[in-house]
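>>> make a model of this:
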Amino acid sequence: MGDGKDIAAKWYAVYVKSRFEKKTAWLLERDGVEVYLPLIKRIKQWSDRRKTVEEPLFKSYVFVHTDLRDYFNILDTIGVVKFVCFEGRPVEMPDNQIVAIKEYVGQVENEGEVVVPSDFHEGQLVTIKYGSLKGLQGHLTEILGNHYVVVDIEIVGNSLPMKISKTMIEAISN
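Okay, the predicted model is just below:
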């Protein structure tokens, strides 16, 4: 398969069998495909023990960086069901969405904070003005004091709650 480093390569979401995310990502990487599988740590409670496990952030999705020359090889990989498509064509994901996912995973791991402003209200549509997330849009879901807000950014049909400084967002007019 390709080296995933082509200038024309784009990010695509690939739908995989349930609980096959890690194995499929490993197989794709083994075959030379650049893969991103966002994992988050969760504490699982059983009747006799607690354990921290890494689970996919998006169940049944793996992200691949390809120019689609490997389209059929990717589809032939164990666990891959299909590319996420619109009108029969694989949907390209903007790089800033992958960056947003990586930043979210980093926030969750570090329990760190990202900042947001004060003349906003919950439910409002906003856009991120600065930084690596610039241009992403989402709904403001929570105001955290005077400096931060939580913005839900939709990616692959899922919402990622991002804690952001109010100074980094701007309201979108209706």
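>>> can you map out the helices along this structure?
Along the chain, counting by DSSP state H, helices occupy 21-30, 71-75, 95-110.
>>> pick out the shakiest of the ones you listed, pLDDT-wise.
Lowest mean pLDDT within these: helix 95-110, at a mean of 82.
>>> quick one on the thing from earlier: among the helices of the chain, which comes closest to Asp152?
Closest approach to Asp152 among those (Cβ to Cβ): helix 95-110, 10.8 Å. C-beta coordinates here come from the backbone N, C-alpha and C atoms, glycine included.
>>> partner strands of the helix or strand bottoming out on mean pLDDT in the chain, parallel or antiparallel?
The helix or strand of the chain with the poorest confidence is strand 39-45; it has a mean of 78 (mean pLDDT, DSSP states H and E). Here strand 39-45 is paired, per DSSP bridges, with strand 50-56 (antiparallel).
>>> buried ones in the partner strand?
The neighbour-count check on strand 50-56 (16 or more other Cβ atoms under 10 Å) flags Pro56 as buried.
>>> restricting to C-alpha, output it in PDB.
Extracted in PDB, the C-alpha atoms of strand 50-56 (Å, rounded to 0.1, in the frame of the first residue of the first chain):
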ATOM      1  CA  ARG A  50     -12.100  -1.700  38.400                       C
ATOM      2  CA  LYS A  51      -9.900  -1.400  35.400                       C
ATOM      3  CA  THR A  52      -8.800   1.500  33.200                       C
ATOM      4  CA  VAL A  53      -9.200   0.600  29.500                       C
ATOM      5  CA  GLU A  54      -8.500   2.500  26.300                       C
ATOM      6  CA  GLU A  55     -11.600   2.700  24.100                       C
ATOM      7  CA  PRO A  56     -12.100   4.300  20.700                       C
END
